[in-house]
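S.K.: have a look; sequence and predicted model below, questions after that.
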Amino acid sequence: MKDIAVTEPLLRVEGLSKSYGRRIGCENVGFDLWPGEVMGIVGESGSGKTTLLNCLAGHLAPDTGRVLFDTDAGMVDTVTMSEPARRMLGRTDWAFVHQHAQDGLRMNVSAGGNVGERLMAVGARHYRDIREKAVDWLDRVEIAEDRMDDRPTAFSGGMRQRLQIARNLVTGPRLVFMDEPTGGLDVSVQARLLDLLRGLVREMGLSAIIVTHDLAVVRLLADRLMVMKSGQVVETGLTDQVLDDPQHGYTQLLVSSVLQV
Amino acid sequence: MRDELSRSGKGQAMEEYNFAYLDEQTKRMIRRALLKGMAVPGYQVPFASREMPMPYGWGTGGVQVSAAVMVPEDCFKVIDQGADDTTNAVSIRRFFERTAGVAVTERTGEATVIQTRHRIPEQPLEEGQILVYQVPIPEPLRFLEPSEVETRKMHALEEYGLMHVKLYEDIARHGEISTSYAYPVKVEGRYVMDPSPIPKFDNPKLRMAAIQLFGAGREQRIYALPPWCEVVSLDFEDYPFQASRADHDCDLCGAEGSYLDEVITDDAGGRMFVCSDTDFCAGRRDAGHLGRLGATEDVA
Ligand SMILES: [Zn+2]
C-alpha cells in the first residue's frame, strides 16, 4: 500500500497469448490488478488458467502480450526484462505458492531454513535476526517454534502448505501468485488453510492472483473473478456478482456445479 | 585415446609417451581452461577430461592439471592429507618421474609444482610455485541444489543465498557452523567456490603468493586462484568464520599452530597428535625442535 489515491495499477496485463503448437493455452488476456486486490481465475482443468498464471509469473514465456508491473522505475514489462531482473523480482516483490508444497519447498532443509532462504537470498547475514523472523512467520501460519528445526518431510500436507506460504510471505512481497493453494488437501485442512489465507490477505493487504477450480476458495478470498474456458476469458466481474448472477452460459454451469472437476 | 591406453601396458618403454603423458593438444586445451580460470578467479571452467591410467578417486583432475603446467625443469611434490608417503602420493609422484622425468622432492620449499589432496602445506608458498588441488566435487551449491542447470544459473546471476542456507542449517542443528572441510569461500567478491576438501584450518592460507589450480577429473571442471587473490570464508555476522585450532601441540616436533592428525599408537588406547604435514614436522625436528614424544618416538 503506497498511496491512498492510487492512479496506477500494480499489474497491467495486455494481449497475453500462449499456444502450444496448434493448441491454445490462453488467448488475448488483458486485465488490471490494483494494489490490495485479490483476483481469482477460475475454470476447469484445460481452461488455460494455469498457463496464464505461469505466463504472468514469468515461468513461461508468452507468445505475445505484455505483463507490466509497477516498479520504482514505473510500469515495466516483465516479459521483456532481463532474466536476472525477473529472477530478482521473483524473490523480492513477487511470490509464488505452488499447488504441491514440495515444488515450493526445499524438502531437505529445516522449516526455519526454508523460511530464512528468501531473507538470505536478499542479503540477510545475521543468524539470530533470520531465526527471529522465521519464528514469527511460522507462528503466523500456526507452526509451533519447536518444529522449526524439523524438515518438511516430517510435516503433514496442510503444514507443508502453511510452511510454503510463510516462506513466500516473509520478505513482504507486493504480489503473490497462487496455483490451487488448497488443492490436494483434505476438506477440513482446506478450511483451516482458507481461514488462515483470508486472515493474512486482510491483515497484510496482499495483492494476489489465485488460480483455482474451487469456487469456495474464490468466494472467500477474491475481490474479482475471471472465468476462463478454452483459453479465453468468458466473464469477469466482482466475485459476488459473478457467482450470484452469472451471465455467461459456461459460468452458469460452473456455478450450478454441473461441471465438477 | 585407446591407442595411448593400450600403451600403458606393462613392459612398454616409457619413452613412447609424450612428456608428462598427455599429448600436446590435450595439454593446450587444459592450459586454455587454466588461463580462463586464472582470468575469472573461482569460476568453474568446463574441460574435456581425459582418461588417465588410474582410477578417478586417485585425483585424475589434479594429475591432468599438473601434466599441463609441468616443464622439464620442474621439481615435483605430492601430498595426500599432508603426507608425502601414502600410496596415492607415491604413485602420482612416480607417474611423473617416469612420464616427465622431472625431479621430485618431499620438501615444500624445493618444489615448483605441488599436487595436493586435502591440505595446504604449513610452510608458506612463494611466488613461482604452483599448488595443484585434486577436487572430487567442485560445485559448492550441489549440497542443496542437485540441478546442474540451476547451479550454473545461480553462479551466473550471483544468487548465493543458498550457500548461507547450508550454514544456517549447520548452526540450527549443531549450534555452530560445523562444516569443517570444503568450507565455502567467496573469491574476489564474485564467485563462491569450494576450496576442495581441505580443512577449514587451511582456509586463511588460500590467499597466498603461489598460483593455485583446481582440477576435478570426473566432473570435468577446472578453476583457479591467482596469487594474492581475495578469498573470504562465508559466515554470519553473529557467527563469524573461525579457522579451527588444535588443542594440542605436535607430539613429535612441538609445533603449536600446525594442523594435527590423531594417531593411535597401541592397543591400549595410546594416542598422539602429530603434524599432518610430514615435511613440515620432519623439518622442525631436523632443526632441533622436540615435542612431548619426540625424543622417544622414531617416526620415519
Ligand atoms: Zn610436528
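M.R.: Arrived safely, thanks for sending. Remember, predicted model here, so these are calculated numbers, not experimental data. Numbering: from 1, shown residues only, chains lettered A, B, ... in the order given.
S.K.: domains in chain A, by residue range?
M.R.: For chain A, automatic domain parsing gives the domain ranges A:1-93+A:175-261, A:105-172.
S.K.: near the closest residue to A:Gly90 other than its chain neighbours, how many other residues are there?
M.R.: Leaving aside its sequence neighbours, A:Gly90 sits nearest to A:Gly58 (CB to CB, 6 or more residues apart in numbering or on different chains; 6.6 Å). In short, each C-beta sits where N, CA and C put it, glycine included. Residues contacting A:Gly58 under the criterion other CB atoms under 10 Å in any protein chain shown number 21.
S.K.: before we move on, which element is A:Gly58 in?
M.R.: Under DSSP states H and E, no helix or strand contains A:Gly58.
S.K.: before we move on, the earlier item: which stretch in the domains of chain A has the least confidence?
M.R.: Comparing mean pLDDT over those, the weakest stretch is domain A:1-93+A:175-261, at a mean of 91.
S.K.: which ones are touching the closest residue to the ion within the stretch 151-261 of chain A?
M.R.: Relative to the ion, the nearest point of the stretch 151-261 of chain A is A:Arg151 (42.4 Å; CB to the ion). With contact taken as CB atoms under 8 Å, 6 or more residues apart in numbering or on different chains, A:Arg151 is in contact with A:107-111.
S.K.: export those residues to JSON lines and tack on distance to A:Gly74?
M.R.: Listed next are these as JSON lines, based on distance: CB to CB, whole Å:
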{"residue": "A:Met107", "distance to A:Gly74": "39"}
{"residue": "A:Asn108", "distance to A:Gly74": "41"}
{"residue": "A:Val109", "distance to A:Gly74": "37"}
{"residue": "A:Ser110", "distance to A:Gly74": "40"}
{"residue": "A:Ala111", "distance to A:Gly74": "38"}
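S.K.: just these that are near chain B?
M.R.: A:108-110 (CB under 8 Å from any CB of the partner chain).
S.K.: same list, those residues, but as TSV with distance to B:Met208, secondary structure and neighbour count please.
M.R.: What follows is the ones next to chain B among the contacts of A:Arg151, written out as TSV (distance: CB to CB, whole Å; DSSP: H, G, I helix; E, B strand; the rest coil; neighbours: other CB atoms under 10 Å in any protein chain shown):
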residue	distance to B:Met208	secondary structure	neighbour count
A:Asn108	35	coil	13
A:Val109	34	coil	21
A:Ser110	36	coil	22
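S.K.: ok, these vs B:Leu234, which is closest?
M.R.: Using CB to CB, A:Val109 is the member of the ones next to chain B among the contacts of A:Arg151 that lies nearest B:Leu234, at 16.6 Å.
S.K.: report the contact partners of that closest one.
M.R.: So A:Val109 contacts A:117, A:151, B:144, B:165, B:169 (CB under 8 Å, 6+ apart).
S.K.: in helices only, show me those residues.
M.R.: A:117, B:165, B:169 (DSSP state H).
S.K.: which member of the residues you listed is positioned nearest the ion?
M.R.: B:Glu169 (35.0 Å).
S.K.: tell me, how many residues neighbour that closest one?
M.R.: Neighbourhood size, B:Glu169 [other CB under 10 Å]: 24.
S.K.: isn't it up against A:Ser110?
M.R.: Yes - under the criterion of CB atoms under 8 Å, B:Glu169 makes contact with A:Ser110 at 6.1 Å.
S.K.: for A:Thr102, which three-state class applies?
M.R.: No Thr there; residue A:102 is Gln. helix (DSSP: H, G, I helix; E, B strand; the rest coil).
S.K.: what's around it, how many residues?
M.R.: A:Gln102: 13 neighbours (other CB under 10 Å).
S.K.: tell me which residue of chain A lies closest to chain B.
M.R.: Chain B sits closest to A:Ala121 of chain A, with a gap of 3.2 Å, by CB to the nearest CB.
S.K.: for the residue lying closest to that residue once chain neighbours are set aside, what are its contacts?
M.R.: Distance criterion CB to CB, 6+ apart; nearest residue to A:Ala121, sequence neighbours excluded, is B:Gly161 at 3.2 Å. Going by CB under 8 Å, 6+ apart, B:Gly161 touches A:91, A:117-118, A:120-122.
S.K.: great, nothing more from me.
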